[in-house]
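Asks: Okay, sequence plus prediction incoming.
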Amino acid sequence: MRKENLRLIEPCVELEAEFMALVQEFVAVGNYHRWGHELVIEDGNFRKYVRDRLDWKEGKSLPEGWVPASTFWLTRGDNVIVGTSSLRHKLTEHLRNIGGHIGFNIRPSQRQKGYGTAILALTLEKAGELGLKQVLVTCDENNIASAKVIEKNGGILEDKYSNDELEQAKRRYWIDLKGRE
């Protein structure tokens with residue numbers, strides 16, 4: 001992996017076929033349900049999917065209880081989408097306990113190549129541009145790969161959160177953005 005060939009972009013209709021190929025990989029490995037709104041194209045309307053994410057960044061047309069959030073795709077120079085991330089601009093109580101500021105996922109065929117570390121690092125830069133000084137990133141207790149990615153990006157484990165609705169506890173990490181400029 002060469003970092004100079006990687007970039008975060010906002011969702012765009014021009015990469016519909018590539019995005020749908022990414023979604024199919026998640027379906028094939030049985031992970032599709034895990035990513036919820038990040039990968040679901042309602043009624044097969046990809047233009048609406050893209051428009052919704054761009055609107056949500058501006059705080060427009062948010063589903064009930066949601067906060068403004070930016071969606072990004074990590075692309076390689078060959079326009080392959082290797083992962084997606086979501087940057088919530090602020091936290092609700094639910095996000096503080098479970099979801100955090102940033103969620104990310106890597107296409108199954110592109111895992112264990114350093115892309116997780118890269119997408120989180122680039123999304124942290126975007127968080128700094130928003131003016132955030134510290135962000136919360138969470139992962140499932142047994143998701144060792146994500147825990148390592150978060151720790152490589154400066155994550156400090158605060159605690160593990162659990163409630164009756166969760167299948168397993170969430171690791172809750174804080175990442176200080178001061179000095180990352």
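Replies: Structure received. This is a predicted model, so every value here is computed, not measured.

Asks: Every contact and neighbour count from this point should use C-alpha atoms.
Replies: OK.

Asks: List the buried residues in the one helix or strand in the chain whose mean pLDDT sits lowest.
Replies: Within the chain, no helix or strand scores below helix 16-28, which has a mean of 90 by mean pLDDT, DSSP states H and E. Judged by neighbour count using 16 or more other Cα atoms under 10 Å, the buried positions of helix 16-28 are 19-20, 22-24, 26.

Asks: Other residues contacting that helix?
Replies: Helix 16-28 is touched from outside by 32, 39, 46, 79-82, 107-109, with contacts defined as Cα atoms under 8 Å, 6 or more residues apart in numbering.

Asks: Any chance of a markdown table for the residues you listed, columns pLDDT, distance to residue 173 and neighbour count?
Replies: Output for these, formatted as a markdown table (pLDDT from 0 to 100; distance: Cα to Cα, whole Å; neighbours: other Cα atoms under 10 Å):
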| residue | pLDDT | distance to residue 173 | neighbour count |
| --- | --- | --- | --- |
| 32 | 53 | 25 | 16 |
| 39 | 59 | 24 | 19 |
| 46 | 91 | 33 | 18 |
| 79 | 87 | 31 | 13 |
| 80 | 93 | 29 | 16 |
| 81 | 96 | 26 | 24 |
| 82 | 96 | 24 | 23 |
| 107 | 93 | 23 | 18 |
| 108 | 92 | 24 | 16 |
| 109 | 94 | 26 | 11 |
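
Asks: Which two of those have the greatest separation?
Replies: 46 and 109 (22.7 Å; Cα to Cα).

Asks: Next, count neighbours for residue 125.
Replies: For residue 125, the count of nearby residues is 16 (other Cα atoms under 10 Å).

Asks: Where do the helices of this protein begin and end?
Replies: Under the criterion DSSP state H, the chain contains helices at 16-28, 46-57, 93-94, 115-129, 144-152.

Asks: sorry, back to before: which of the contacts of helix 16-28 lies closest to residue 169?
Replies: Looking across the contacts of helix 16-28 and measuring by Cα to Cα, the closest to residue 169 is residue 32, at 20.5 Å.

Asks: Quick one: residues contacting residue 58.
Replies: Residue 58 neighbours (Cα under 8 Å, 6+ apart): 68-69.

Asks: Before I go, just wanted to say thanks for your time.
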